[in-house]
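Undergrad: Could you look at this predicted model? Sequence included:
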Amino acid sequence: MAEYNVAETFVSINGEGVYAGQLAVFIRFYGCNLSCSYCDTAWAKDPGANARTMSELDIYEYIKKTGIKNVTLTGGEPLIQPGIGDLLSLLLLDEELRVEIETNGSADLSNYQRETNALTFTMDYKLPESGMEAAMQLSNFDFLKQKDTVKFVAGSRKDLERAVEMINSYKLSGRCHIYFSTVFGRLSLSDTVDFMKQNRLNDVTLQLQMHKIIWGSDAVGV
Ligand SMILES: C[S@@+](CC[C@H](N)C(=O)[O-])C[C@H]1O[C@@H](n2cnc3c(N)ncnc32)[C@H](O)[C@@H]1O
Ligand SMILES: Nc1nc2[nH]cc(C(=O)O)c2c(=O)[nH]1
Ligand code: SF4
Ligand SMILES: [Mg+2]
């Protein structure tokens, strides 16, 4: 049985993505292979983070104890945890659970995709302002399904333009959910809506990070 490095666990509403507004239990893994310029969770890869190890069973038992059915695996980067495929297999045996993985687009999704709607990926495509675009695994676009999401977190108009280029190049419209988010406080939301209108982005959903609106941008454990 694998052991996983976990930075924090908590129950909240999911602030992002297709399940936004619904209760979710969060497992935030420790460590990340990227270093995005805007990362709001950089503490989860710092040596000073109070990370602990949990086995698959520890994580499953914690989730069940909360009584919450939506599970969000995030981080840090969840898909760099050795053995994470085994954790997914265990969680998906439980038909009550709906598992969402927030991933940074650099890990090979083909290893983790499953034939079930109970597992969804929200995969970032890191735009130029992140400084991490070169790390994107472009073959991942082939493994995303209708239930999954490509998320573009934009910090500038140039980022928004790059997102449109990627949507068009990889013909993402209709193949999966497409979400835009803004780097919190860095790009105007109204300018982003104007950009969506100008470009007739009918297949894009703008998301706000609801937890930051509710508890503020620096709150941890929510
Ligand atoms: C902290 S990351 C963890 C999961 C994974 N490492 C990733 O990047 O997708 C979760 C989500 O928060 C987003 N995010 C991080 N910092 C942000 C910020 N300052 N403003 C808006 N979204 C941010 C990331 O782009 C990602 O979609
Ligand atoms: N409430 C809440 N919802 C979230 N959805 C995705 C999150 C993340 O950090 O990946 C997140 C988070 O940190 N808090
Ligand atoms: S990949 Fe995710 S956790 Fe890692 S630095 Fe970027 S936003 Fe932060
Ligand atoms: Mg977050």
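TA: Now that the structure is in, tell me what you want to look at. Here the structure is a predicted model, which is why all the values come from computation and not from measurement. Ligands and ions are numbered 1, 2, ... in the order given.
Undergrad: And stretch 113-124, what's buried?
TA: For stretch 113-124, burial by neighbour count (16 or more other CB atoms under 10 Å) applies to 113, 118-124. (Glycine included, C-beta is placed from N, CA and C.)
Undergrad: could the residues you listed go into JSON lines alongside pLDDT and distance to ligand 2?
TA: Listed next are these as JSON lines, based on pLDDT from 0 to 100; distance: CB to the nearest ligand atom, whole Å:
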{"residue": "Q113", "pLDDT": "90", "distance to ligand 2": "19"}
{"residue": "A118", "pLDDT": "97", "distance to ligand 2": "18"}
{"residue": "L119", "pLDDT": "98", "distance to ligand 2": "16"}
{"residue": "T120", "pLDDT": "98", "distance to ligand 2": "12"}
{"residue": "F121", "pLDDT": "98", "distance to ligand 2": "12"}
{"residue": "T122", "pLDDT": "98", "distance to ligand 2": "8"}
{"residue": "M123", "pLDDT": "98", "distance to ligand 2": "12"}
{"residue": "D124", "pLDDT": "98", "distance to ligand 2": "10"}
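Undergrad: Using TSV, please lay out the residues you listed together with distance to E95 and secondary structure.
TA: Compiled in TSV, the buried residues of stretch 113-124 are given as follows (distance: CB to CB, whole Å; DSSP: H, G, I helix; E, B strand; the rest coil):
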residue	distance to E95	secondary structure
Q113	19	coil
A118	7	coil
L119	12	strand
T120	15	strand
F121	19	strand
T122	21	strand
M123	24	strand
D124	28	strand
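Undergrad: need those residues in JSON lines with distance to ligand 1, can you?
TA: Shown next, in JSON lines, are the buried residues of stretch 113-124 (distance: CB to the nearest ligand atom, whole Å):
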{"residue": "Q113", "distance to ligand 1": "16"}
{"residue": "A118", "distance to ligand 1": "20"}
{"residue": "L119", "distance to ligand 1": "16"}
{"residue": "T120", "distance to ligand 1": "13"}
{"residue": "F121", "distance to ligand 1": "10"}
{"residue": "T122", "distance to ligand 1": "7"}
{"residue": "M123", "distance to ligand 1": "7"}
{"residue": "D124", "distance to ligand 1": "4"}
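Undergrad: near ligand 3 too, which of those?
TA: By CB under 6 Å from any ligand atom, no member of those lies near ligand 3.
Undergrad: Not counting its neighbours along the chain, what's nearest G15?
TA: H211 (3.4 Å; CB to CB, 6 or more residues apart in numbering).
Undergrad: With that, I have no additional questions.
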